[in-house]
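**Q** Predicted coordinates and the sequence they were generated for:
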Protein chains: 2
Amino acid sequence: MRLTRQSSYAIRTLVYCAVNSPDLSHVADIARAHAISELFLFKLIRPLVEAGLLETVRGRKGGIRLGRPAAEITLLDTVKLTEENFAMAECFEGGGDVLCPLADNCDLSGALHEALAAFFEVLDGYTIADLAHKRTSLRRRLGLGLEELSAVTAH
Amino acid sequence: MRLTRQSSYAIRTLVYCAVNSPDLSHVADIARAHAISELFLFKLIRPLVEAGLLETVRGRKGGIRLGRPAAEITLLDTVKLTEENFAMAECFEGGGDVLCPLADNCDLSGALHEALAAFFEVLDGYTIADLAHKRTSLRRRLGLGLEELSAVTAH
């Protein structure tokens, strides 16, 4: 059981934008910082923009930034957008062709859905701001410049 | 995010043995009931036997059965044996080569581990007996014979 790469990099992208705020962030820089392709990152960003977690600014000096305050974007908001599949087990998938002979008479589904709800409840309690609060050390690790103290305290 | 096929079929195998109890179950029959290969099932069963969730009876009339009462085998017992990987995201994997530049300074790990603990806690509250309690209809779906009423009530 694990999160998809999409979820992991979506969270990292939001953290990047949070620690780089109020500056706009650039896909090329984020991709370089995390050693992933720009194409993968572009695909990843699209649902985040559509859902309003990120917004794009066009133009020569354009870029991306958080679509709302980091403290108002939960990990659950992110993971729900990027996880392709919350079926948990293939026995519950498919429309007409149910693979498992027990599927419509099995209590595993209920147990796993209850477990997933508990998992989600925890993720709903964490925000991008929680992950981005070690701003100075995260900026250093992401290759972002040092900020003036005045600029830091302004956020 | 999803369980591995191994977990899903391990749970199904234990449910099969539970509803077929006290008779011994046969790998060929379980594989046929779930349309999976016997080789896959043999590999799957090994850690369950080693952990005492299943036991094998050798000989011409041999087979497998639960290693302890179905009510004493939780879904967590099973999933912990069959899930290869509870790292949740690749950023926490690997020994020396940490892929993510944030890895040792990131609070995502703590959030995901807390969420996983909540997931596990729910699975710890369900047993194979909970999944096997609709014995008659499950037996029919698994191609097991009808039982005499006296035999059913004896278990």
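**A** Arrived safely.
**Q** export whichever helix or strand residue A:77 is part of as PDB, just CAs?
**A** Secondary structure from DSSP states H and E places residue A:77 in helix A:75-82. C-alpha atoms of helix A:75-82 as PDB (Å, rounded to 0.1, in the frame of the first residue of the first chain):
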ATOM      1  CA  LEU A  75      -3.100  16.900   2.500                       C
ATOM      2  CA  LEU A  76      -6.500  15.300   1.900                       C
ATOM      3  CA  ASP A  77      -7.400  18.000  -0.700                       C
ATOM      4  CA  THR A  78      -4.200  17.100  -2.500                       C
ATOM      5  CA  VAL A  79      -4.300  13.300  -2.200                       C
ATOM      6  CA  LYS A  80      -8.000  13.200  -3.300                       C
ATOM      7  CA  LEU A  81      -7.000  15.000  -6.500                       C
ATOM      8  CA  THR A  82      -4.000  12.900  -7.400                       C
END
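**Q** Which helix or strand contains residue A:110?
**A** helix A:108-123.
**Q** In chain A, mark out all the helices, start to finish.
**A** For chain A, the helices identified by DSSP state H occupy A:5-20, A:27-34, A:38-50, A:75-82, A:108-123, A:128-131, A:135-141, A:149-153, in order along the chain.
**Q** Point out where chain A drops to low pLDDT.
**A** Screening chain A residue by residue with the criterion pLDDT under 70, one finds the ranges A:1-2, A:84-105, A:148-155.
**Q** and residue A:74, bridged to which residues?
**A** On the basis of DSSP bridges, residue A:74 takes part in beta bridges with residue A:127.
**Q** Quick check: the gap between it and chain B.
**A** Counting by CB to the nearest CB, to the nearest Å, the separation of residue A:74 from chain B is 10 Å. Backbone N, C-alpha and C define where each C-beta goes, glycine included.
**Q** Likewise for residue A:25?
**A** Taking CB to the nearest CB as the measure, residue A:25 falls 15 Å from chain B.
**Q** In CSV, list the helices of chain A along with mean neighbour count.
**A** Rendered in CSV, the data for those read as follows (neighbours: other CB atoms under 10 Å in any protein chain shown):
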stretch, mean neighbour count
helix A:5-20, 24
helix A:27-34, 17
helix A:38-50, 15
helix A:75-82, 21
helix A:108-123, 19
helix A:128-131, 22
helix A:135-141, 16
helix A:149-153, 9
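**Q** Reformat these as TSV; add distance to residue B:11.
**A** Converted to TSV, those look like this (distance: least, CB to CB, whole Å):
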stretch	distance to residue B:11
helix A:5-20	25
helix A:27-34	36
helix A:38-50	32
helix A:75-82	24
helix A:108-123	6
helix A:128-131	34
helix A:135-141	40
helix A:149-153	51
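**Q** what's the closest of the ones you listed to residue B:58?
**A** Distance to residue B:58, taken as CB to CB, is lowest for helix A:108-123 among the helices of chain A, at 30.4 Å.
**Q** distance between the closest one and the chain's centre?
**A** Helix A:108-123 sits 19 Å away from the centroid of its parent chain (CA atoms, centre = their mean, to the nearest Å).
**Q** Report all helices and strands that it contacts.
**A** With contacts defined as 3 or more CB pairs under 8 Å, 6 or more residues apart in numbering or on different chains; DSSP states H and E, the packing partners of helix A:108-123 are helix A:75-82, helix B:108-123, helix B:128-131.
**Q** Could you list the alpha-carbon positions for that helix in CSV?
**A** Written as CSV, here are the backbone C-alpha positions of helix A:108-123 (Å, rounded to 0.1, in the frame of the first residue of the first chain):
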residue,chain,number,x,y,z
LEU,A,108,-14.1,-6.7,3.4
SER,A,109,-15.3,-3.7,1.4
GLY,A,110,-16.9,-2.2,4.5
ALA,A,111,-13.8,-2.8,6.6
LEU,A,112,-11.4,-1.3,4.1
HIS,A,113,-13.7,1.7,3.5
GLU,A,114,-13.8,2.4,7.2
ALA,A,115,-10.0,2.1,7.4
LEU,A,116,-9.6,4.5,4.5
ALA,A,117,-12.0,7.0,6.2
ALA,A,118,-9.8,6.9,9.2
PHE,A,119,-6.7,7.5,7.0
PHE,A,120,-8.4,10.4,5.3
GLU,A,121,-9.4,12.0,8.6
VAL,A,122,-5.8,12.2,9.7
LEU,A,123,-4.8,13.7,6.3
